[in-house]
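*Asks:* After the sequence you'll find the predicted model.
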Amino acid sequence: MTINSLTPRDVGSLFKLEFAAPKSRTRTFQCLCEVAWKRFYTKDQPYKPGMGLKFLDLPDEASAAIDTWIRGQSLEEELR
């Protein structure tokens, strides 16, 4: 997961994250995350500043929901 932030945490930092399930406003998942990379703001950077997260203990149900959503997104892009 990528989080856009002007103040990304240090690589290797661990923290709990709660996020909404894809296409849901009421169902949430919680897991432990590790910062895998961070990117600072620079004027000429084509990408937004932020950090990439690695899920460490994502429940199987959450992983399956995310995988299904990603496959659906890919299919929608191919059909455009």
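*Replies:* Received the coordinates, thanks. Residues are numbered from 1 along each chain as shown.

*Asks:* what stretches of this structure score poorly on pLDDT?
*Replies:* Applying pLDDT under 70 to the chain flags the ranges 74-80.

*Asks:* Asp10 touches Lys38, doesn't it?
*Replies:* Yes: in this structure, Asp10 is within contact of Lys38 by Cβ atoms under 8 Å, at 7.2 Å. C-beta coordinates here come from the backbone N, C-alpha and C atoms, glycine included.

*Asks:* Could I have the CA atoms of the top strand by length along the chain written out in CSV?
*Replies:* As assigned by DSSP state E, the longest strand anywhere in the chain is strand 28-39. The C-alpha coordinates for strand 28-39 follow below in CSV (Å, rounded to 0.1, in the frame of the first residue of the first chain):
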residue,chain,number,x,y,z
THR,A,28,-12.5,-2.3,8.1
PHE,A,29,-9.3,-4.3,8.5
GLN,A,30,-6.5,-3.9,10.9
CYS,A,31,-2.9,-5.2,10.5
LEU,A,32,0.7,-4.5,11.5
CYS,A,33,2.6,-2.7,8.8
GLU,A,34,6.3,-2.0,8.1
VAL,A,35,7.5,1.0,6.1
ALA,A,36,9.3,-0.5,3.1
TRP,A,37,10.3,2.7,1.3
LYS,A,38,9.8,6.5,1.6
ARG,A,39,10.0,9.3,-0.8
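
*Asks:* which residues in this protein form helices?
*Replies:* Listed in chain order, the helices of the chain (DSSP state H) span residues 60-79.

*Asks:* The longest strand of the chain pairs with which strands, parallel or anti?
*Replies:* Paired strands of strand 28-39, with direction, are strand 14-20 (antiparallel), strand 50-55 (antiparallel) (DSSP bridges).
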